[in-house]
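Visitor: make a model of this:
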Amino acid sequence: MSLELLKKDVAAAIDSMRDELLGLSHAIHGEPELALEEFKAAKRLSDAVETHGITAQREAFGLRTSYVAEFGKDSGPTVAILSEYDALPGIGHACGHNIIATAGYGAAIALSKLGARLPGKVRYLGTPAEERFGGKEIMAEEGAFDRADAAMMIHPSSLNLVTMPCIAISEVEVTYHGRAAHAAAMPYRGLNALDAVVNAYQSIAQLRQHIKQTERIHGIITEGGLAPNIVPERASCRYYVRAADVHELAMLKKRVHACFEAAALATGCKADIRWGEHDYLDLKTNWPMADAFEKNASALGREFYPVKEIPAGFAGSTDMGNVSHRVPSIHPMMAVAPSDVIIHNAEFARWAVSDKGDQAVTEGAKALAQTALDLMTDSRLLETVKKDFEATADISKAALAKLAESAKRTHDHAHDHARGGCGCA
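Guide: Numbering: from 1, shown residues only. Below is the predicted model of the structure:
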């Protein structure tokens, strides 16, 4: 059976599933759920898998809203295809994870329709909690990507890109504990926790002047007191800290940590500083696989923006980075909105269920499925993919070791540590 015919057949299967795919995409979009709360989306997707006669294991690899389905030949390469489906607070699917979910689902199910003709194995994974908590890292630690030869997913954007520029990230939540008092009658009896948060906020704003162009620090005040006439005895903030890789991230985290400690010292408050347990790594794109994806997507009419022309500093973060240091991986972007529409904005959420968004579901599914077939049938491509990955194996080994060290330190020192991380933009 020729590769050309296999690709034609999976494309036809996806076309035949169009109503099902778009129905799932719009349903997930219509009921957005936050990280680790995606119960409806996970049920919709795993139930849909089983309507095609494939067993889906729910609550897989340590997470209640994850799932896995595996099928195909043990004798061939194993390709992991991923779906994300968590949303953002307040603005829903402004990152378009409904498209990621259903494109991954469509690719996997289309490949299953090949039956005995499928030349390898598909591991279809529902991976929750990308926007926070690092779902893929948690699943990876439980073996989700063991013995996989490759991993892939697509992500919506306002441009077609063969890769998503991604840097490392860590999340930190800080709560300051002071002392309440009457703010007018006896303010001298109080210790102002809100002052501590503001002090930290200002210190970090000043720190931003002296960090690298590849680094980012941004945050919000999540709690600031109860009433103007009560000296706030408790106040909190949450920050994301980003750097080019996990090693530079570790150094920047120390500088940010010092800002939080200094604010406590200045105000007399106690600081509870809780770094996320799961940092996100930079994305290690496998270029031979990315080239194969680009050829398949280009054959569908997609024109890709040159990577070399991406503006400096244009980068997000994703827990797919953690996967990419374990398994050869790609994370291409597919345009669903005009180039002036900003991701993580309510307008982008509207485009995620537009005609362009729907087109990305079907074309993303086709390009993923066809790239998986390339890997399963072309031994020379697979060997090139593996060599490209192994060329930087030492970098990945060091990155994963640093990640484990950071997670252990957080776990050992935090009384109530958070599973941290931040989303894709």
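Visitor: how about the helices in this structure?
Guide: For the chain, the helices defined by DSSP state H cover 3-16, 18-30, 39-51, 97-112, 135-141, 193-207, 246-267, 287-299, 320-324, 346-351, 355-377, 379-390, 393-413.
Visitor: may I see the buried residues of stretch 309-323?
Guide: Using 16 or more other CB atoms under 10 Å as the test for burial, stretch 309-323 gives 315-323. Yep, even glycine has a C-beta here, placed from its N, CA and C like the rest.
Visitor: can I get those in TSV including distance to Ala399 and pLDDT?
Guide: Putting the buried residues of stretch 309-323 into TSV (distance: CB to CB, whole Å; pLDDT from 0 to 100) gives the following:
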residue	distance to Ala399	pLDDT
Ala315	16	90
Gly316	18	93
Ser317	14	96
Thr318	15	97
Asp319	13	97
Met320	14	98
Gly321	9	98
Asn322	9	98
Val323	12	98
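Visitor: and which of those residues is nearest to Arg123?
Guide: Lowest distance from Arg123 to the buried residues of stretch 309-323 (CB to CB) belongs to Val323, with 11.9 Å.
Visitor: surely the closest one touches Ala150?
Guide: No. Counting by CB atoms under 8 Å, Val323 sits too far from Ala150 to count as a contact (10.2 Å).
Visitor: which residues are common contacts for those two?
Guide: Both Val323 and Ala150 are in contact with Ser329, where contact means CB atoms under 8 Å, 6 or more residues apart in numbering.
Visitor: and which of the buried residues of stretch 309-323 is nearest to Ala184?
Guide: Looking across the buried residues of stretch 309-323 and measuring by CB to CB, the closest to Ala184 is Ser317, at 44.8 Å.
Visitor: distance of that closest one from Glu363?
Guide: 25 Å (CB to CB, to the nearest Å).
Visitor: equivalent analysis for Leu24, please.
Guide: With CB to CB as the criterion, Leu24 and Glu363 are 16 Å apart.
Visitor: just Gly30 next, same as before
Guide: 22 Å.
Visitor: more crowded one of those two?
Guide: Glu363 (21 against 12; other CB atoms under 10 Å).
Visitor: neighbours around Phe389, how many?
Guide: For Phe389, using other CB under 10 Å, the count is 23.
Visitor: could you measure from it over to Val162?
Guide: Here the criterion is CB to CB. By it, Phe389 lies 16 Å from Val162.
Visitor: quick one: the strands in the stretch 51-200 of the chain?
Guide: 57-58, 67-72, 78-83, 121-126, 150-152, 155-157, 168-177 (DSSP state E, counting those that start in this stretch).
Visitor: remind me what the longest one packs against, helices and strands.
Guide: Based on contacts counted as 3 or more CB pairs under 8 Å, 6 or more residues apart in numbering; DSSP states H and E, the elements that strand 168-177 packs against are helix 193-207, strand 234-243, helix 246-267, strand 270-275.
Visitor: deepest-packed of those, please.
Guide: strand 234-243 (a mean of 22; mean count of other CB atoms under 10 Å).
Visitor: could you spell out the sheet neighbours of that one, each with its direction?
Guide: strand 168-177 (antiparallel), strand 216-223 (antiparallel) (DSSP bridges).
Visitor: could I get those strands as TSV with mean neighbour count?
Guide: Below are the strands paired with strand 234-243 laid out as TSV (neighbours: other CB atoms under 10 Å):
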stretch	mean neighbour count
strand 168-177	24
strand 216-223	16
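Visitor: would TSV of those strands with distance to Ala244 be doable?
Guide: Output for the strands paired with strand 234-243, formatted as TSV (distance: least, CB to CB, whole Å):
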stretch	distance to Ala244
strand 168-177	7
strand 216-223	10
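Visitor: using TSV, lay out these together with mean pLDDT and distance to His344.
Guide: Converted to TSV, those look like this (pLDDT from 0 to 100; distance: least, CB to CB, whole Å):
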stretch	mean pLDDT	distance to His344
strand 168-177	98	14
strand 216-223	97	12
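Visitor: tell me which of the strands of the stretch 51-200 of the chain sits nearest to Gly301.
Guide: Going by CB to CB, the one of those nearest Gly301 is strand 155-157, 16.5 Å.
Visitor: list the contacts of that closest one.
Guide: Contacts of strand 155-157 (CB under 8 Å, 6+ apart): 95-96, 99-100, 164, 318, 331-337, 343, 352, 357, 360, 424.
Visitor: just stretch 200-208 next, same as before
Guide: Applying CB under 8 Å, 6+ apart, the set of residues contacting stretch 200-208 is 174, 217, 219, 221, 237, 239, 255-256, 259-260, 262-263.
Visitor: at 10 Å what do you get?
Guide: Identification of contacts with stretch 200-208 by CB atoms under 10 Å, 6 or more residues apart in numbering yields 174, 176, 211, 215-221, 235, 237, 239, 241, 252, 255-256, 258-264, 266-267, 271, 273.
Visitor: next, the buried residues of stretch 40-52.
Guide: 40-42, 44-46, 48-49, 52.
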